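Undergrad: pasting the structure only:
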């Protein structure tokens, strides 16, 4: 799988519109969503087997809690409640978005979908729902509140940003990111196979070096083993030395295609300047860009990217190579 997967868990008929909002936000963040939208809640055991399989394959489990507890299973718990416990037992990263009373009241007393009408707030199982919500919100770090549709979409991005912050903070998580990026690039070999990797500064160099270890990325053994560092700051010794060596390598090895790599992009200026520099110095060269994570306000769209998150204000968003020794 080339993208991080988010398993969406919620009641269905009353939150169908909200699930669409959540799914759209997940897609815009470059994640892949999966849910049991086509399932009938009172299905047999085979349904639960599939839920377990899909959740086990997911990287994140996102719960949307509204005004209904959901269909009750044999042990007296709803499917959403059971999925919450399953995610915990599987050790999955869990996030929960609780729709506020303001949100639910704005929906009205009932909602109708495909000729079926249900109450927005289920009084019959109100006690069970509240007990479940109390369990969920007790973990304050991973439980968030949404008041409007726009707030819901924004909160989804906050959850995914928090997930990426934790992931990039360790070498194990960083390696997982690089593996995902390699899978994305490999999936487009029919249209682009680079002759060389160029890493932008420290983050790009680290990522590029790790990507270069995948020998299947090159048609000729050893071609990807040379990774150059690229510094876009003008009028510095680093700019002159590193960038000159990049151009010399490209010319000497008759490089026709380059994978330009960075670990993170805020506004996109660095990526754009790097592309412009290489295109100016090296005529008729094909350049594809790969960035692990970009900001939601980034003006550039890389050819390969794992996530679009809120980078500004997340000081904990630090890759392991930034750790001071």
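TA: Noted; the coordinates are in hand. Please read all numbers here as calculations on a predicted model, not as lab measurements.

Undergrad: all helices of the protein, in order?
TA: Under the criterion DSSP state H, the chain contains helices at 16-28, 45-57, 79-89, 101-107, 126-137, 149-168, 171-186, 201-211, 237-252, 269-281.

Undergrad: By mean pLDDT, show me the worst of those.
TA: Confidence, taken as mean pLDDT, is least for helix 237-252 of the helices of the chain (a mean of 69).

Undergrad: correct me, but residue 260 touches residue 274?
TA: Yes: under the criterion of C-beta atoms under 8 Å, residue 260 lies in contact with residue 274, with a separation of 5.9 Å. Quick note: C-beta positions are derived from backbone N, CA and C, even for glycine.

Undergrad: Nearest to residue 143 among the helices of the chain would be which one?
TA: With C-beta to C-beta as the measure, helix 126-137 is the member of the helices of the chain nearest residue 143 (4.5 Å).

Undergrad: Specify the angle between that closest one and helix 79-89 in degrees.
TA: What separates the directions of helix 126-137 and helix 79-89 is an angle of 30 degrees, with axes from the mean of the first three to the mean of the last three C-alpha atoms, to 10 degrees.

Undergrad: Tell me which residues of helix 126-137 come out buried.
TA: By neighbour count on 16 or more other C-beta atoms under 10 Å, the buried set for helix 126-137 is 128-129, 132, 136.

Undergrad: one step back: tell me which of the helices of the chain sits nearest to residue 306.
TA: So among the helices of the chain, helix 171-186 is nearest, using C-beta to C-beta, at 5.5 Å.

Undergrad: what's that closest one packed up against?
TA: In this structure, helix 171-186 packs against helix 149-168, helix 201-211, strand 286-295, strand 304-309, with contacts taken as 3 or more C-beta pairs under 8 Å, 6 or more residues apart in numbering; DSSP states H and E.

Undergrad: List of residues touching it?
TA: Identification of contacts with helix 171-186 by C-beta atoms under 8 Å, 6 or more residues apart in numbering yields 1-4, 166-168, 207, 210-211, 214, 216-217, 259, 290, 292-293, 304, 306, 319-321.

Undergrad: one more time with 6 Å
TA: 2, 167-168, 210-211, 214, 292, 304, 306, 320 (C-beta atoms under 6 Å, 6 or more residues apart in numbering).

Undergrad: Mind checking which of these are buried?
TA: Those of the contacts of helix 171-186 that meet the buried threshold are 2, 167-168, 210-211, 214, 292, 304, 306, by 16+ other C-beta under 10 Å.

Undergrad: got JSON lines for these, with distance to residue 55 too?
TA: Converted to JSON lines, these look like this (distance: C-beta to C-beta, whole Å):
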{"residue": "2", "distance to residue 55": "19"}
{"residue": "167", "distance to residue 55": "18"}
{"residue": "168", "distance to residue 55": "23"}
{"residue": "210", "distance to residue 55": "29"}
{"residue": "211", "distance to residue 55": "30"}
{"residue": "214", "distance to residue 55": "29"}
{"residue": "292", "distance to residue 55": "25"}
{"residue": "304", "distance to residue 55": "27"}
{"residue": "306", "distance to residue 55": "21"}
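
Undergrad: Just the closest of these to residue 196, please.
TA: residue 211 (11.4 Å).

Undergrad: And the closest one, how close does it get to residue 194?
TA: Taken as C-beta to C-beta, to the nearest Å, the spacing of residue 211 relative to residue 194 amounts to 10 Å.

Undergrad: And for residue 11?
TA: According to C-beta to C-beta, residue 11 stands 47 Å off from residue 194.

Undergrad: what does residue 96 give?
TA: Distance of residue 96 to residue 194, computed by C-beta to C-beta: 41 Å.

Undergrad: contacting residues for residue 155?
TA: So residue 155 contacts 97, 144, 146 (C-beta under 6 Å, 6+ apart).

Undergrad: what's around residue 322, how many residues?
TA: The burial metric for residue 322, expressed as a neighbour count using other C-beta atoms under 10 Å, is 13.
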